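Chemist: show me how the following folds:
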Amino acid sequence: MTIGKILLALACAACAVPILPVRAAEPEAAAPSAAVPVPLAGTHIDSVLVSVNGEPITLLDVILETGGREKELAGIYSGERLLTETKKLRIETVEQIVFRKLIYEKYKAEPFDIPRQDIENLLDEFVRTSGAESRAALEKSLLPAGITPERLREQARERIAVEVLLMRDCDHHVYITPREVYEEYKAHPEKWTVPEKISLQLLQINVTAGSAGGDPKAAVDAIRKELDKDPSQKNFTRLVLEKSDGATASTGGITEGAELDKLRPEFIAALKGKKTGDVVGPVEAPEAYFFLRVVGTEPAKLIPFSKANREVRDALFKEKVAEKRKEYAEQVREHAVIRYFFD
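Modeler: Predicted coordinates:
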């Protein structure tokens, strides 16, 4: 078993959003509702969220796995939306940990050898994904949260053991026939089609702190008049080199092979129906005005089955493995005693 086959990561203990509160564990706890309560004073990092056959899962256990993603969410959302997305992430992670604990019980009942080197490799992966400078730095950062080096090593052992068992009991029972691959390819051609691509030349005039100084609209009007007189590539390139605030201005503003449907909405609307050599603009955006020249386009095209075969099979295998693991999760939960301690 190699680390390359184990899709696991442990986030660092620091959390970018407030800790969501939970009630203290009670013997006769009710089943969970769809959401975790909003933040309140007095929340503890060691609050028990769930017990699995008597083994507790704490808020810390969850945050150790969601911390990295929560920081990303904090950079995207704010206010109630941030709380909603964080709750959703933590609830999903709770269920993943519950499932993993149940699988690990199978390992503890019938343990097998896990090479020490595999554990060390995964610990190195923990260091990489946490952003720590070294193993020692990671261990030091986790100690205040009660995560000792021994506990961290046990977590690595658990991750490896669970993945081995899932591969043995689920993945190895999934078979994909050549006929299934071909039928999947024919049924969903949109999945195996290379989107339309477009190469652009971009001239950008920033609204503030740009080369146009205090009057960007005057600069935009002047550029529009020059392009009306001469929309050639030579003239457009000259204007880009002289006036553009864009990151690619020094190389003529060229952006090659961008997928049309992934451009910003303002560009998609402005480029609709345009062909090679056409110039559009100014396209207004919050931070700048843009002029776009179409350098070339590539139409969408279906990847031949001979080339898509492997990709189709891998996608189908991944889908069926997910279904198999979901069924397996339902089976292992049937005889487990799982108690939730949050509303």
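Chemist: all the helices of the chain, in order from the start?
Modeler: 59-76, 79-109, 116-130, 135-142, 149-169, 178-187, 216-229, 233-243, 265-271, 305-333 (DSSP state H).
Chemist: I'd like to know which of the ones you listed lies nearest to Gly277.
Modeler: Closest approach to Gly277 among the helices of the chain is made by helix 233-243 (7.7 Å; C-beta to C-beta). Yep, even glycine has a C-beta here, placed from its N, CA and C like the rest.
Chemist: got the angle for that closest one vs helix 216-229?
Modeler: Inter-element angle recorded for helix 233-243 and helix 216-229: 160 degrees (by axes from the mean of the first three to the mean of the last three C-alpha atoms, to 10 degrees).
Chemist: save the helices of the chain as TSV, and put in distance to Pro195 and mean neighbour count too.
Modeler: Listed next are the helices of the chain as TSV, based on distance: least, C-beta to C-beta, whole Å; neighbours: other C-beta atoms under 10 Å:
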stretch	distance to Pro195	mean neighbour count
helix 59-76	24	18
helix 79-109	28	17
helix 116-130	31	17
helix 135-142	41	17
helix 149-169	34	17
helix 178-187	17	14
helix 216-229	28	15
helix 233-243	25	16
helix 265-271	12	15
helix 305-333	14	14
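Chemist: least reliable of the ones you listed going by mean pLDDT?
Modeler: Across the helices of the chain, helix 59-76 has the smallest mean pLDDT, namely a mean of 81.
Chemist: centre of the chain to that one, how far?
Modeler: 12 Å (C-alpha atoms, centre = their mean, to the nearest Å).
Chemist: now do that helix: which elements does it pack against?
Modeler: Other elements packing on helix 59-76 under the criterion 3 or more C-beta pairs under 8 Å, 6 or more residues apart in numbering; DSSP states H and E are strand 48-52, helix 79-109.
Chemist: export those to CSV and tack on distance to Val312?
Modeler: CSV is the format used below for the helices and strands packed on helix 59-76 (distance: least, C-beta to C-beta, whole Å):
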stretch, distance to Val312
strand 48-52, 38
helix 79-109, 28
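Chemist: those: which one's closest to Pro282?
Modeler: helix 79-109 (32.0 Å).
Chemist: make a markdown table out of the helices of the chain and add distance to Glu259.
Modeler: Formatted as a markdown table, the helices of the chain follow (distance: least, C-beta to C-beta, whole Å):
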| stretch | distance to Glu259 |
| --- | --- |
| helix 59-76 | 22 |
| helix 79-109 | 26 |
| helix 116-130 | 29 |
| helix 135-142 | 38 |
| helix 149-169 | 34 |
| helix 178-187 | 21 |
| helix 216-229 | 26 |
| helix 233-243 | 22 |
| helix 265-271 | 11 |
| helix 305-333 | 17 |
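Chemist: nearest to Val52, out of those?
Modeler: Here helix 79-109 is closest among those (C-beta to C-beta), at 4.4 Å.
Chemist: returning to that earlier point: the helices of the chain: which one's closest to Val207?
Modeler: helix 216-229 (5.7 Å).
Chemist: what's near enough to touch the closest residue to Leu200 other than its chain neighbours?
Modeler: Nearest residue to Leu200, sequence neighbours excluded (C-beta to C-beta, 6 or more residues apart in numbering): Thr255, at 4.9 Å. Thr255 makes contacts with Ser199, Leu200, Gln201, Leu202, Thr248, as judged by C-beta atoms under 8 Å, 6 or more residues apart in numbering.
Chemist: out of the residues you listed, which are inside strands?
Modeler: Ser199, Leu200, Gln201, Leu202 (DSSP state E).
Chemist: from one end of stretch 174-193 to the other, what's the distance?
Modeler: Taking C-alpha to C-alpha, to the nearest Å as the measure, stretch 174-193 stretches 26 Å from start to finish.
Chemist: what about Gln201, neighbour count?
Modeler: Using other C-beta atoms under 10 Å, Gln201 has 22 other residues around it.
Chemist: from what I can see it touches Gly252, true?
Modeler: Yes: with contact defined as C-beta atoms under 8 Å, Gln201 counts as touching Gly252 (6.5 Å).
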